[in-house]
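Colleague: what's the 3D shape of this:
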Amino acid sequence: MNYESLILELEKEGVEVIEHKFHSESLKGLYFDNVITLNPSSIIDEKEKACILAEEYGHYRTSFGNILDQKNTSNIKQEKRARNWAYEKLVPLEKLIDAFEACICNRYDLADFLGVTEDFLDLTLAHYKEKFGLYVECRNYLIYFSPLGILRKFDNTEF
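Modeller: Alright, predicted model coming up:
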């Protein structure tokens, strides 16, 4: 899912997306009251923009209240929940299988195929490893997370 697809989906849900230069260069996005604001001066490219937008979309879907104070345990949990939502939104397990079937064989090409940054891909795989353990079964495939590997399971009747 790319940036434009996310924008269209958010529009259907009544969430406005605007761009505004923040005073802080480290702040890339913010969600508040059905508005997602992105800081274009701190976002490198369209892939990073999609990743930031997906995380803010995750806040729309999973968070409540002001969670800017990251010393508060509840706020930290909400931040993690929103990020995990974004990982699964942009890199569903099925897309990893699609990349395997398309013969994508390195990290750079995989991130490019998925439309995410390499850092976002790494964090996504770490999330899946935390969620499922070393591997998960999906669509007759085994997806291993560390190191990333995908194996197709064969039915005995195929031989």
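Colleague: ok, residue 7 - contacts?
Modeller: 17, 53 (CB atoms under 8 Å, 6 or more residues apart in numbering). C-beta coordinates here come from the backbone N, C-alpha and C atoms, glycine included.
Colleague: quick one: pLDDT of it?
Modeller: With respect to pLDDT, residue 7 has a value of 96.
Colleague: and it, its phi and psi?
Modeller: Per-residue torsions, residue 7: phi -60, psi -50 (degrees, to the nearest 10).
Colleague: likewise residue 103?
Modeller: Backbone torsions of residue 103, given as degrees, to the nearest 10, read phi 60, psi 30.
Colleague: could you do residue 144 as well?
Modeller: Recorded main-chain torsions at residue 144 are phi -100, psi 140, according to degrees, to the nearest 10.
Colleague: and it, how many neighbours?
Modeller: Residue 144 has 15 neighbours, counted by other CB atoms under 10 Å.
Colleague: distance check, the closest residue to it other than its chain neighbours against residue 146.
Modeller: With CB to CB, 6 or more residues apart in numbering as the criterion, residue 144 has its nearest non-adjacent residue at 4.5 Å, and that residue is residue 135. In this view, residue 135 and residue 146 are 9 Å apart by CB to CB, to the nearest Å.
Colleague: these two: which is more packed in?
Modeller: Between residue 135 and residue 146, counting by other CB under 10 Å, residue 135 is the more crowded of the two (17 against 12).
Colleague: quick one: low-confidence parts of the chain?
Modeller: Applying pLDDT under 70 to the chain flags the ranges 65-69, 156-159.
Colleague: secondary structure element for the most centrally placed residue in it?
Modeller: Nearest residue to the geometric centre of the chain (CA atoms, centre = their mean): residue 87, 2.6 Å. Here residue 87, judged by DSSP states H and E, is contained in helix 73-90.
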